[in-house]
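Enquirer: sequence plus predicted model, see below.
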Amino acid sequence: MRRDRVPRRLTVGSEVWLWTVGHRHSPGCLTFLTLRRAADRHAQLRLVFRDGPGRIVSGYPFGAGDIASTGPGAVLNLNEPGVARRFLDEAAARGLLPTAHGIRDEDGWPLYDALAAPSPPATA
C-alpha cells in the first residue's frame, strides 16, 4: 500500500518531476494533483479539482484519486502515472508549469475537460 502524499517520480525526457495526489474536506471537498521539478522542489503547480455541479472527486462510490464529470468524459485516476503525465503535458501546453518559488493553484477542470473529451471518430 502506498503512503499518501509521498512524492513519486515521473521522468519526462531528461527532466525528473515529482507528483503527489491529495484530498481534503475543508472547505468543501477537493482533490488535487501537485507537480514539481525534482531540481526545483519549491516551485509547485497544484491542480485543484473541487466537487460541484457536474463534477465528481474522490469518495464513494469512486476510489482515491478519481475525478469525473457527469457529462461525457471519463473517470481519470490521478494516482496513475500515465494520467499524471497527461496532466503534466497539458499544463505545459497551456503555460501553467511553475517557474517561481511557491505554490501556484490552478483549476484542474479545464485540463480534465481537454483530456477526458471523447476522441473524434477516425476518418478514412
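Expert: Received, thanks.
Enquirer: and residue 82, which of the three is it?
Expert: For residue 82, the secondary-structure state derived from DSSP: H, G, I helix; E, B strand; the rest coil is helix.
Enquirer: that one: neighbouring residues, count only.
Expert: Number of residues near residue 82 (other CB atoms under 10 Å) recorded here: 9. (Glycine included, C-beta is placed from N, CA and C.)
Enquirer: ok, now how distant is it from residue 89?
Expert: From residue 82 across to residue 89, the span is 11 Å (CB to CB, to the nearest Å).
Enquirer: then residue 76?
Expert: Between residue 76 and residue 89 the distance, using CB to CB, works out to 14 Å.
Enquirer: of those two, which one has the most company?
Expert: Each of residue 76 and residue 89 has its neighbours counted (other CB under 10 Å); residue 76 has more, 23 against 13.
Enquirer: do you know the pLDDT at that one?
Expert: Model confidence at residue 76, given as pLDDT, is 92.
Enquirer: shouldn't it be in contact with residue 69?
Expert: No: here residue 76 does not reach residue 69: they are 9.8 Å apart, not a contact under CB atoms under 8 Å.
Enquirer: what do those two both touch?
Expert: Taking CB atoms under 8 Å, 6 or more residues apart in numbering as the criterion, residue 76 and residue 69 both touch 112, 116.
Enquirer: quick one: low-confidence ranges for this protein?
Expert: 1-5, 60-61, 72-73, 119-124 (pLDDT under 70).
Enquirer: ranges for the strands of it?
Expert: Counting by DSSP state E, the segments of the chain that form strands are 8-12, 15-24, 30-37, 43-50, 55-56, 66-69, 76-77, 102-107.
Enquirer: possible to save these as a markdown table with distance to residue 95?
Expert: What follows is the strands of the chain, written out as a markdown table (distance: least, CB to CB, whole Å):
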| stretch | distance to residue 95 |
| --- | --- |
| strand 8-12 | 16 |
| strand 15-24 | 16 |
| strand 30-37 | 14 |
| strand 43-50 | 11 |
| strand 55-56 | 24 |
| strand 66-69 | 22 |
| strand 76-77 | 22 |
| strand 102-107 | 11 |
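Enquirer: cheers, nothing more for now.
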